[in-house]
Structures are given as C-alpha cells and as structure tokens.
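**Q** predicted model and sequence below, questions to follow.
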Amino acid sequence: MAITQNYKLNLIQWYPGHIAKAEKNLKEQLKRVDVVLEVRDARIPLATHHPQISEWVGSKARVLVINRVDMITPQVRSLWIDWFKRQGEVPYFTNAQHGKGIAEIMQAAQAAGVALNQRRRDRGMLPRPVRAVVIGFPNVGKSALINRLLGKRVVESAARPGVTRQLRWVRISEHLELLDAPGVIPARMEDQEAALKLAICDDIGEASYDNQLVAAALVDLLNYLEAVAPDLLPKKPLQSRYELDSISDTGDVYLHALAEHRYKGDVERAARQLLTDFRKGLLGTLPLELPPN
Ligand SMILES: Nc1nc2c(ncn2[C@@H]2O[C@H](COP(=O)(O)OP(=O)(O)OP(=O)(O)O)[C@@H](O)[C@H]2O)c(=O)[nH]1
Ligand SMILES: [Mg+2]
C-alpha cells in the first residue's frame, strides 16, 4: 500500500531494555510451558503477528486469540474467520474486558492438557495442570485476559503499553496455570506500515514516535479504507466526530485543518486528540486492517 510511503518512524528506540530482558526470561520459562496463547489486536491482526512466535511455540500447542473483538464489527470479524480458516488457522475472538469468548480459550488450553496428562499417566506419573503462556505485543490485553480467566484482578492491566514488566505465574484452576508475560516487540521492525498501525493502536509503547506523523497516517489509512471498503466502515468517521471532512485531503493537510478548526492551530493537540479518540473507539468501530484477498 502506497499511502504510508511518506512516513518514516524512528525505530531505534522501539526496543527498550525491559523488553530485551523479558524476552530472555520468557525463553527460559518456555521450557516449562505446554501451550502458547498468542494474543493479537482485532483492529490489526496482521501487524500484531510477532515474527518470532513460531520459534517460541516450537512443538507446543498454540491457541490464536484475537482480542478487542468489540473494536471491530461482526461483519469484519466473520471476514477474518474465513480468512484465517483458509490459512488453516482457528482464531478465537475475545473481549478480555468483558469476558466474551474467554471460556472457549480456557477449554482450548485445557484440551491440550488431556494429551499431556495421558502421556504422563502412561509413564506412571501423576497428572499436573496445563501450563500456558500469553504472548503478544504490548497493550493487546494479555493481562486482562488472565484477570478474566480467573474472574478477579490478579495482575496489573491498564490502558497503556508496557504495564507488565515481570513474568508471573497465575494458577487459574486445578487444571490450568497461566504465565503473564510483558508485551514483546521485534528488535527490528522492517515493515513501516505495520509499525505505523502499531503506533496508532498504542500497541508498541516506549516509542519516540511523532504523534503528528502517526495521526496523519491514521487519516490517510481511514481515507484509504473508506475508498476500498466503504461497506465495512462507518460512514465518514472524521466528519461525524469533528465536523470536518477528510476525504479530499492528505492526512497531513487534514491534521492542520483540524487544528485550525478545533484547536486554535495547535497541531500537536489535534494529533493527540485524534489518536486518543481512535484508541477509545470514539471514531466508531474501525478496523485498520482487512483480510487480504
Ligand atoms: N475495548 C477493549 N479493551 C480491552 C480488551 N482487552 C483489554 N482491554 C483494555 O486494554 C488495556 C490493556 O490491557 P492489558 O491487559 O494491560 O494489556 P497487556 O497486553 O497485558 O499489556 P502489557 O502488559 O503492557 O504488554 C486495558 O485498559 C484493558 O482494559 C478488549 O477486549 N476490548
Ligand atoms: Mg500485561
């Protein structure tokens, strides 16, 4: 897609020390794990695919969790389900905030344990709980998922990336133990467009990215999606929210016009407002990616 060609993010500081450390500890703990719950963001299920995930999963069972399902429409969700199926994958859509789809995750994780404990019994060993880990980009809802599974708040979960800093085992039931892990990001982000989407969705954190650049990219992305898939997006999300239409402008031009229109020419404030409104869902139920056809 050419629309984000003009944007270059500062990628250098995207890999803070705590993530490097967490990744090392994670690798260590993976030896004890039976199941990997790979958690992605429903608004950007492709950009939140971590390139190293298959390496971490190895021969373990993997459950693909697409969280924040409330932030896309049922129509878009079913397009993704079809697409993932064609790739030979079974996606589990969840809302970790309100609990939708959570019971299915628990079942899927425990199902992996049936085989595990059968093998143990065959070798004369006692059964043990299944051990699963949640892995994904920062802020996608890994800790919220654990709190939901347990039905109470045991690990910290908040609306900013980089909340979880330590690996932490949590016993969910006599059948299941879960490892909460800090969000991980690739040491290098080759794909600028994916990087921008992660920034727009607040799924990277610790980034020294430029709000104005990222907000302008959001406007360009919305214009693009409105043009290619008008039926899958709310009508004129920016016009509805700000009473200023974007369709004939580039993101950058729109951002400056919005600053004039509503924020006394303060472009940074306009950019931050735009990003905050999108992240809170105030622009509507807006996917930033659609299944490739
Ligand atoms: N709308 C919506 N919000 C969610 C959902 N799941 C989690 N959240 C919110 O997203 C924010 C981030 O959740 P966390 O559980 O802290 O995310 P995390 O993946 O553990 O983040 P790190 O620990 O920073 O890697 C919190 O404010 C959650 O309440 C969801 O399904 N829908
Ligand atoms: Mg967390």
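**A** Structure's in. What do you need? What you are looking at is a predicted structure, and each value in this text was computed from that prediction instead of being measured. Ligands and ions are numbered 1, 2, ... in the order given.
**Q** can you list contacts of stretch 221-240?
**A** 1, 3-4, 73, 75-76, 79, 196-197, 200, 219, 244-247, 251, 254, 283-288, 290 (C-beta atoms under 8 Å, 6 or more residues apart in numbering). From N, CA and C alone the C-beta is placed, and that goes for glycine too.
**Q** output that stretch in CSV, but only the C-alpha positions, please.
**A** Provided in CSV are the C-alpha atoms of stretch 221-240 (Å, rounded to 0.1, in the frame of the first residue of the first chain):
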residue,chain,number,x,y,z
LEU,A,221,-5.3,5.0,6.3
LEU,A,222,-9.0,5.8,7.1
ASN,A,223,-9.3,7.6,3.7
TYR,A,224,-7.8,4.6,2.0
LEU,A,225,-10.1,2.1,3.8
GLU,A,226,-13.2,4.2,3.1
ALA,A,227,-12.3,4.2,-0.6
VAL,A,228,-11.6,0.4,-0.9
ALA,A,229,-14.2,-1.0,1.6
PRO,A,230,-16.9,1.6,2.1
ASP,A,231,-19.4,-1.1,3.3
LEU,A,232,-17.1,-2.3,6.1
LEU,A,233,-16.5,1.1,7.7
PRO,A,234,-18.8,3.6,9.5
LYS,A,235,-19.7,6.5,7.1
LYS,A,236,-17.4,9.5,7.4
PRO,A,237,-16.0,8.8,10.9
LEU,A,238,-13.9,12.0,11.0
GLN,A,239,-16.7,14.2,9.7
SER,A,240,-19.0,12.7,12.3
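**Q** next, the buried residues of it.
**A** 221-226, 232-233, 237-238 (16 or more other C-beta atoms under 10 Å).
**Q** quick one on the thing from earlier: of the contacts of stretch 221-240, keep whichever come out buried.
**A** For those, buried by 16+ other C-beta under 10 Å: 3-4, 73, 76, 79, 196-197, 200, 219, 246, 251, 254, 283-288, 290.
**Q** so which of those residues are in helices?
**A** With DSSP state H as the criterion, helices contain 76, 79, 196-197, 200, 219, 251, 254 from among these.
**Q** can you lay out these as a markdown table showing distance to residue 134 and pLDDT?
**A** Formatted as a markdown table, those follow (distance: C-beta to C-beta, whole Å; pLDDT from 0 to 100):
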| residue | distance to residue 134 | pLDDT |
| --- | --- | --- |
| 76 | 24 | 98 |
| 79 | 25 | 98 |
| 196 | 25 | 92 |
| 197 | 21 | 95 |
| 200 | 23 | 96 |
| 219 | 33 | 96 |
| 251 | 34 | 94 |
| 254 | 37 | 96 |
